[in-house]
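Asker: just coords:
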């Protein structure tokens, strides 16, 4: 939903509005979109994933950010990924240090209302971030993690996992994501017999 149906917002207007707001909004091509709340499962998966990555990266020059870190995707798009990792020196848009420019890994947890966007247009926008090497999509209604890795020629290679004893290798950040850890405390409904 567009936060305010007025003239197009400039990036400067958006950032001023966003920094004064208690709610989070994404920005795309002059429009501001309010972000909705998340389910229990979504929040648990985000925390499990962020905690796993953070624990593995404590002694390395990488930082893990929760969904409050805004990412400048391009000149017309600002987003709040569920989990963002930057390895090396983080670069920010300005002295506020709240808009990351160089993510290495972005993780999005899918929901019914965001899955098509996260797999489609949002991923297309993320592909334009030069520093981004890996993109991970985590389902919350089934055990499935999709892992996209940027190849040397710029193509993206998809691998996925659906079993709890499997671990996704994240070479750009030197971590693994065990599905059992990602889905810890998540119970999926059993299919009707």
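Answerer: Looks like it arrived, so ask away. Computed from a prediction, not measured in an experiment: that's the story for all the values here. Residues are numbered from 1 along each chain as shown.
Asker: Would you mind listing the buried residues in stretch 72-83?
Answerer: Taking 16 or more other Cβ atoms under 10 Å as the neighbour-count basis, stretch 72-83 is seen to contain the buried residues 72, 73, 77, 78, 79, 80, 81, 82, 83. Every C-beta, even on glycine, is put in place using the N, C-alpha and C of the backbone.
Asker: domain assignment for this protein?
Answerer: By the record's domain assignment, the chain is partitioned as 1-35, 38-182 (automatic domain parsing).
Asker: Can I get the ones you listed in CSV including mean pLDDT and distance to residue 190?
Answerer: Written out in CSV, the entries for those read as follows (pLDDT from 0 to 100; distance: least, Cβ to Cβ, whole Å):
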stretch, mean pLDDT, distance to residue 190
domain 1-35, 85, 32
domain 38-182, 96, 12
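Asker: Give me whichever of the ones you listed is most buried.
Answerer: Highest mean neighbour count among those (mean count of other Cβ atoms under 10 Å): domain 38-182, with a mean of 17.
Asker: chain center to it, what's the gap?
Answerer: Here the centre of mass of C-alpha atoms in domain 38-182, compared against the chain's by Cα atoms, centre = their mean, to the nearest Å, lies 4 Å away.
Asker: which residues in this protein form helices?
Answerer: 11-20, 40-57, 115-119, 121-127, 179-182 (DSSP state H).
Asker: closest to residue 102 out of those helices?
Answerer: Smallest distance to residue 102 across those (Cβ to Cβ): 12.7 Å, for helix 121-127.
Asker: Are there helices or strands packed against the closest one, and which ones?
Answerer: Where contact means 3 or more Cβ pairs under 8 Å, 6 or more residues apart in numbering; DSSP states H and E, helix 121-127 is packed against strand 70-74, strand 77-79.
Asker: Show the residue spans covered by the strands in the chain.
Answerer: Counting by DSSP state E, the chain has these strands, from start to end: 25-28, 31-34, 62-65, 70-74, 77-79, 83-87, 99-100, 105-109, 134-138, 145-150, 156-161, 167-170, 175-178.
Asker: Dig out what the residue nearest to residue 119 when sequence neighbours are not counted forms beta bridges with.
Answerer: Excluding the flanking residues, the one nearest residue 119 by Cβ to Cβ, 6 or more residues apart in numbering is residue 137, at 6.6 Å. For residue 137, the residues forming beta bridges with it (DSSP bridges) are residue 108, residue 146.
Asker: Serialize the helices of the chain to a markdown table and add fields for distance to residue 30.
Answerer: Formatted as a markdown table, the helices of the chain follow (distance: least, Cβ to Cβ, whole Å):
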| stretch | distance to residue 30 |
| --- | --- |
| helix 11-20 | 8 |
| helix 40-57 | 28 |
| helix 115-119 | 18 |
| helix 121-127 | 15 |
| helix 179-182 | 36 |
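Asker: Out of those helices, which is closest to residue 28?
Answerer: Go through the helices of the chain one by one with Cβ to Cβ and the one that ends up closest to residue 28 is helix 121-127, at 8.4 Å.
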